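Engineer: I'd like to go over a predicted model; first the sequence, then the structure.
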Amino acid sequence: MPTATAAVPPRPFGTVLSAMVTPFTPDGSLDLQAAAALAEHLVATGHDGLVVSGTTGESPTTSDEEKDALLRVVLEAVGARAHVLAGVGTNDTAHTVELARAAEKAGAHGLLVVTPYYSKPPQQALLQHFTTVADATGLPVMLYDIPGRSGVPVETETLVRAGEHDRIVAVKDAKGDLYASSWVMARTELAYYSGEDALNLPLLTLGGSGVVSVVSHVAGREYARMVAAVDAGDLATARSLHAQLLPVVRAIMTRTQGVVAVKAALELTGVLTGRTVRQPLLPATPDEVEAIAADLAPAGLTPAPVNA
């Protein structure tokens, strides 16, 4: 029997957000028509939010002009039905501020700001970076804590202090430290979104608000059901969904780089017509595609094509 329903956590950006891929044509050009269709598909299959130009959106290899065009086409397609966040984080505070202001002008509903990567700022510098960006616009901000890519974790005290800013309202948590995440949730009003698909269920049960997911490209409905089950105290259903999705997480998050794998999965399921990525990434190899297909099959995930 389900337990008593727990208090619903804060959800400033919805519950199931896709870290949306950026479609390209076979020659590597931005495919805005496919991006709009993909956004429509994601909203139709369980998502109430999209993150545009995050890492999975290949933000390091898209220009500022392409980011703006992509954001505008997604907003036009689904902005009335879903939260649309713009990934604006770079390792240059001034550039991040420029991107944040451009996203606000385009109509974004919020900003995703990753920890500055490569340069490894100390904690006080991280806090200053985040607050400077938050001060630059009137948009709500989700911080992205991913030390595996940035090289630096955002420490608990830094997150607590960042959470004192009126516009810093959420964290995309890919630190892999549930103990640290629990402390921040206990001490702040920050909404915590899982940014690591393997830990979606554990974070939700600890009070997480939702997910910002790569795997959800092919499992949005399942993750929406998982969030609803946790809200209802129905952990048996949530665990069953978690087990069902384990091979899908393996397919997309362990076979190769995430965007490479998920574009292959989207091609396999008929959602995209190709799996082009920009260098330094390369498309999934035939062997990788075969392994991904083998992992998707037992989960029984057969998303409808984009135009269905």
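Structural biologist: Thanks, I have the structure now.
Engineer: low-confidence ranges in this protein?
Structural biologist: Low-confidence segments of the chain (pLDDT under 70): 1-6, 301-308.
Engineer: what ranges do the helices span in it?
Structural biologist: Taking DSSP state H as the criterion, the chain contains helices spanning 32-44, 64-78, 93-106, 123-136, 147-150, 156-162, 178-187, 200-205, 220-231, 235-253, 258-268, 286-296.
Engineer: pick the most buried one from these.
Structural biologist: Mean neighbour count (mean count of other CB atoms under 10 Å) peaks for helix 258-268 among the helices of the chain, with a mean of 24. (Glycine included, C-beta is placed from N, CA and C.)
Engineer: let me have the helices of the chain in CSV, extended by distance to Val21.
Structural biologist: As requested, the helices of the chain are arranged in CSV below (distance: least, CB to CB, whole Å):
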stretch, distance to Val21
helix 32-44, 7
helix 64-78, 11
helix 93-106, 18
helix 123-136, 24
helix 147-150, 17
helix 156-162, 28
helix 178-187, 26
helix 200-205, 18
helix 220-231, 13
helix 235-253, 11
helix 258-268, 6
helix 286-296, 14
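Engineer: give the contact list for the residue nearest to His242 when sequence neighbours are not counted.
Structural biologist: In space, His242 comes closest to Leu201 once its chain neighbours are excluded; the distance is 4.3 Å by CB to CB, 6 or more residues apart in numbering. Contacts for Leu201 were tallied using CB atoms under 8 Å, 6 or more residues apart in numbering; they are 226, 230, 238-239, 241-242.
Engineer: also Lys175?
Structural biologist: For Lys175, the contacting residues are 145-147, 153-154, 181, taking CB under 8 Å, 6+ apart as the criterion.
Engineer: so Phe24 touches Arg278, yeah?
Structural biologist: Yes. Using CB atoms under 8 Å as the test, Phe24 is close enough to Arg278 to be in contact (6.7 Å).
Engineer: could you check which of those two has the larger neighbour count?
Structural biologist: Set Phe24 next to Arg278 and count neighbours by other CB atoms under 10 Å: Phe24 wins out with 22 against 15.
Engineer: how near is that one to Val260?
Structural biologist: Per CB to CB, to the nearest Å, Phe24 is found 12 Å from Val260.
Engineer: which residues are common contacts for the two?
Structural biologist: Val277.
Engineer: excluding sequence neighbours, find me the nearest residue to Leu127.
Structural biologist: Thr158 (5.3 Å).
Engineer: now do the contacts for the closest residue to Asp48 other than its chain neighbours.
Structural biologist: Closest residue to Asp48 in three dimensions, ignoring its sequence neighbours and counting by CB to CB, 6+ apart: Gly14, at 3.6 Å. Applying CB under 8 Å, 6+ apart to Gly14 gives the contacts 47-49, 82-83, 210.
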